[in-house]
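Q: The following comprises the amino acid sequence and a computationally predicted model.
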Amino acid sequence: MASISLDHVSVRFPLYGARRPRLGAALRHVGGIISRPAHGPAHVDALRDVSLSLENGDRVGLIGHNGSGKSTLLRVIGGIYPPVSGSVRVSGRVLALFDPLLGMNVECTGRENVVLRGIFVGLTPRQVMAQIDEITAFSELDAYMDVPLKAYSTGMQLRLAFAIATAFQPDILLLDEQFAMGDAAFMAKAERRLATFVGRAGIVVQASHSERLLRETCSRTILLDQGDMVMFDETDRVFARYHAGIEGKAAHAD
Ligand SMILES: Nc1ncnc2c1ncn2[C@@H]1O[C@H](COP(=O)(O)OP(=O)(O)OP(=O)(O)O)[C@@H](O)[C@H]1O
């Protein structure tokens, strides 16, 4: 059974070398709130005191202005960013489809990268070896599997990364809309595989600026604003609030 539980989670990034802002007031809803303590570096609060609980069957969208914390929330759930306070509990095999080339080495061949990246996404060497033919076939890179990755085009690298990352059906699927997957033909094939995953995964959390996509796939949506979870409710209601403008930030999580 898949489950995700965040209890009063905050994420803060130091901003070394940041200068005094000149447009602070004008940019009110873009980006997290920047603090400049008298001692120590400036920092941005990317997530502030977020609590939520997701269970099997949940299909949850994330919306908010640029820099509101959507990618940060996905990365906290995916175990990439540790919170500065609060706790994160995730149960189930997670597939995080962002930073596709993370963990791959351009000096190594495609085949070697299957092993490297496979272990990076949590597979055992035995699982990787059992899947290598399927990964090769899905990526359609047979002739290039023994060539170093630095000789691949970006799209070829993305094909391999996607084929490895999606070699196993996840319990929890985390999607960031910036994930690119190669040329049009491969994109169509990748989207079909993703659609199967979305249908079968226990929990799906998807960040997007596309209202159409979130209305189609997510029954509930989280509205983030400057690191605050402003609202977590049915997708229709959240978009109504988003379009009406974000006034007052009393979060009412489920
Ligand atoms: N590695 C980092 N170092 C410093 N600040 C960061 C880092 N990553 C994100 N931030 C800051 O955290 C805040 C939230 O960023 P995040 O990427 O989560 O926003 P987002 O909602 O996904 O934005 P977008 O819609 O533009 O993709 C922003 O103010 C951003 O500047």
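A: Cool, the structure landed.

Q: unless I'm mixing things up, Leu194 is touching Gln169, no?
A: No: the pair Leu194 / Gln169 is not scored as a contact, 11.3 Å apart, by Cβ atoms under 8 Å. Glycine gets a C-beta too; all of them are placed from N, C-alpha and C.

Q: Give me the more crowded residue out of these two.
A: Using other Cβ atoms under 10 Å, the more surrounded residue of Leu194 and Gln169 is Leu194, with 20 against 13.

Q: and the more buried one, what does it touch?
A: The contact partners of Leu194, by Cβ atoms under 8 Å, 6 or more residues apart in numbering, come to 97, 166, 175.

Q: Can I take it that Tyr242 is in a strand?
A: No: under the criterion used here (DSSP: H, G, I helix; E, B strand; the rest coil), Tyr242 is helix, not part of a strand.

Q: show me what contacts it?
A: Shown in contact with Tyr242 (Cβ under 8 Å, 6+ apart): 63, 223.

Q: Can you pull the residues of the stretch 51-200 of the chain lying near the ligand?
A: Taking Cβ under 6 Å from any ligand atom as the measure of proximity, the stretch 51-200 of the chain contacts the ligand at 64, 66-72.

Q: if you average pLDDT over the lengthiest helix in the chain, what comes out?
A: Longest helix in the chain by number of residues (criterion: DSSP state H): helix 184-200. What helix 184-200 shows for mean pLDDT is 85.

Q: Distance from the following helix or strand past that helix to the middle of the chain?
A: Using DSSP states H and E, the helix or strand that follows helix 184-200 towards the C-terminus is strand 203-207. Once both centres are worked out by Cα atoms, centre = their mean, to the nearest Å, strand 203-207 turns out to sit 8 Å from its chain's centre.

Q: For strand 203-207, which outside residues touch it?
A: Contacts for strand 203-207 (Cβ under 8 Å, 6+ apart): 2-4, 54-63, 70-71, 73-74, 77, 92, 171-177, 198, 213-214, 217-218.

Q: wait, what's in contact with His29?
A: For His29, the contact set (Cβ under 8 Å, 6+ apart) comprises 65, 68, 225-226, 246.

Q: Now Arg159: which helix or strand?
A: Using DSSP H and E, Arg159 sits within helix 154-165.

Q: between the contacts of His29, which has the most around it?
A: Ser68 (27 neighbours).

Q: Would you quantify the distance from that residue to Arg117?
A: From Ser68 across to Arg117, the span is 30 Å (Cβ to Cβ, to the nearest Å).
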